[in-house]
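Visitor: One predicted model, sequence on top.
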Amino acid sequence: RMETDCNPMELPNNTGFEEDSDYRDFEGTDVKDMRLEAEAVVNDVLFAVSNMFVSKTLPCAEDVAYINVETRERNRYCLELTEAGLRVVAYDFDQTDDRLQTPYHETVYSLLDSLSPAYREVFGNALLQRLEALKRESQS
């Protein structure tokens, strides 16, 4: 069971089940929990950045989560993850700057590709190694 800083009891109960239903303890039955999504994003690209983790100080909810990332160039960003995608909301960990109007990216790959040439290189090399491994497997 994954530990989260969000208390699921604080989320609105819009699951459609009755209070006395057997399903009332089933968390997030029909909502996409952005914290889980954020954890998946981090696990996907952690190898290609210096540091990346879901914020423990900024509030998470079913519709938003924040991810701190430090690129291999040592630049720090706070990313907002919503249904619209990912975008930079500050140039430091655990911060948001409402004046910042940065574009949304559909994927973490696209966002990091635009921020970090070193990410692009590491990710590209990992992809190449994986393809070469698949090629070797298919030949044997």
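Guide: Good, I have the coordinates.
Visitor: Mind listing what's buried along stretch 64-79?
Guide: Neighbour-count burial for stretch 64-79 flags 64, 65, 66, 67, 68, 69, 70, 71, 76, 77, 78, 79 (criterion: 16 or more other CB atoms under 10 Å). Bear in mind the C-beta positions are built from the backbone N, C-alpha and C, glycine included.
Visitor: Nearest spatial neighbour of the fifth one, chain-adjacent residues omitted?
Guide: Using CB to CB, 6 or more residues apart in numbering and skipping the chain neighbours, the partner closest in space to residue 68 is residue 93 (4.2 Å).
Visitor: Do you have the strands of the protein handy? List them.
Guide: Under the criterion DSSP state E, the chain carries strands at the ranges 51-54, 65-70, 76-82, 85-90.
Visitor: Quick one: closest of these to residue 34.
Guide: strand 65-70 (3.9 Å; CB to CB).
Visitor: list the buried ones in stretch 93-111?
Guide: By 16+ other CB under 10 Å, the buried positions in stretch 93-111 come out as 93, 95, 102, 105, 108, 109, 111.
Visitor: repeat for stretch 44-53
Guide: Result for stretch 44-53 [16+ other CB under 10 Å]: buried residues 45, 48, 49, 50, 52.
Visitor: for the residue positioned nearest the centre of the chain, what are its contacts?
Guide: The centroid of the chain falls nearest to residue 38 when counting by CA atoms, centre = their mean (2.8 Å). By CB atoms under 8 Å, 6 or more residues apart in numbering, the contact set of residue 38 is 54, 60, 65, 66, 67, 81.
Visitor: where in the chain is pLDDT low?
Guide: For the chain, the stretches with pLDDT under 70 are 1-32.
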